[in-house]
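Enquirer: after the sequence you'll find the predicted model.
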Amino acid sequence: MAGSPSERRYARVEERFAGYRVDRFLVEHYPQYSRRKVAEVIRSGAVRIDGVRARPGTVLKGGERLELPVMSRAVAEVGRRTKKREKMRKGAHAPSEVEVLYRDDDLLVVFKPPDVPVHGGARLGAVATLIDLLKEDVLAGFGLVHRIDRDTSGAVAFVRGEAFRAETTKRFAEADGGITKVYEALVEGVPDPAAGEIDLPLTPPGHGGRAEVNELQGRPACTRYATLEAFDDAARLRLELLTGRTHQIRAHLAAIGHPLLVDARYGKRGGWHLRDPRGQLDARLRRTPLHAAELTIPHPRTGKIVTVRAPLPADMKYALVVLRVRAGRRRGEEDGADAS
């Protein structure tokens, strides 16, 4: 978007503008445009300071050489690109609304569907995010205080007001912050014992990597688990995070030999399929079957404990239906064989 040399403008920053942010400096010189529009032009890479790409918050010292686009054309181009992105996102496969699990003036907890990222990031392209779907609430001052993975479904909290948001975010980061996070998962095999704690230190996964158990270099990590239902070769678990390491549940389950039914990174499967013995629709899982089922959080204003539960999503719920049918059929067949 830099434009041809003939379309570029050059200016020297006067000393009296020392200490100005570059977006504020440009608004003073182009008062017909809002600061937001000017900032978008800067973020597009169209403004350079001494040959280096500028950021809206770059602070000027005075004397710098600015390289600028024809502002009217740059603003129009940024507007076209923004409209195109919004159109693509509206057409992306995502729910148009998000289910609200709890709401008051200070706290908002919603159900994040699977395959919806919490916020934007590299390589997401036109995928609608949870922030996109909650645009009106975000504009009203609600800010994200924690996140869950794109594949993971369940409860996600937002807090209104910067001071409350910062305090709640800090609570999520601390082991003794008063936050309780409970998950449900479908795993390979049946754990023995049926309940316990996985206390294994983990190294951070890094970008695109794996969290690894490492007694010497890992950070303390503890997950409490209980078996809710056991099947022939799978189980439904309740998991409580006693610490909050990245990929903690996935890495811990893999470490004890019971990875999630679908987990290409920590397990062996990129998908799961189970035929329904009744001849009905087969059960399929195409994502990691991990669900943020329950969130207990001190209210940001009053301190009163708020517990919010998120119902299981449709794919995990139906997988359980077929697992139960299959286990019941097999038990019935075994009972019949014993009777003969």
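Expert: Arrived safely, thanks for sending.

Enquirer: which parts of this protein are helices?
Expert: 22-29, 35-43, 71-91, 130-133, 135-139, 162-173, 248-255, 314-339 (DSSP state H).

Enquirer: residue 153 is nearest to which of these?
Expert: helix 314-339 (7.7 Å; CB to CB). C-beta: built from backbone N, CA, C; applies to glycine.

Enquirer: can you put the helices of the chain in JSON lines and add distance to residue 215?
Expert: Output for the helices of the chain, formatted as JSON lines (distance: least, CB to CB, whole Å):
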{"stretch": "helix 22-29", "distance to residue 215": "49"}
{"stretch": "helix 35-43", "distance to residue 215": "45"}
{"stretch": "helix 71-91", "distance to residue 215": "45"}
{"stretch": "helix 130-133", "distance to residue 215": "36"}
{"stretch": "helix 135-139", "distance to residue 215": "42"}
{"stretch": "helix 162-173", "distance to residue 215": "24"}
{"stretch": "helix 248-255", "distance to residue 215": "12"}
{"stretch": "helix 314-339", "distance to residue 215": "33"}
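
Enquirer: out of those helices, which gets the lowest mean score?
Expert: Out of the helices of the chain, helix 71-91 stands lowest, with a mean of 72 (criterion: mean pLDDT).

Enquirer: quick one, what contacts residue 16?
Expert: Counting by CB atoms under 8 Å, 6 or more residues apart in numbering, residue 16 touches residue 62.

Enquirer: just for the stretch 201-340 of the chain, where's the confidence low?
Expert: Where the stretch 201-340 of the chain drops to pLDDT under 70, the residues are 329-340.

Enquirer: residue boundaries of the strands in it?
Expert: 202-203, 212-213, 222-230, 234-241, 272-274, 283-285, 290-298, 305-309 (DSSP state E, counting those that start in this stretch).

Enquirer: if we can go back for a sec, out of the helices of the chain, flag the one nearest residue 198.
Expert: helix 248-255 (4.2 Å).

Enquirer: tell me how far that closest one lies from the chain's centre.
Expert: Put simply, helix 248-255 sits 18 Å off its chain's centre (CA atoms, centre = their mean, to the nearest Å).

Enquirer: likewise stretch 306-316?
Expert: Taking mean C-alpha positions (CA atoms, centre = their mean), stretch 306-316 and its chain are 16 Å apart.
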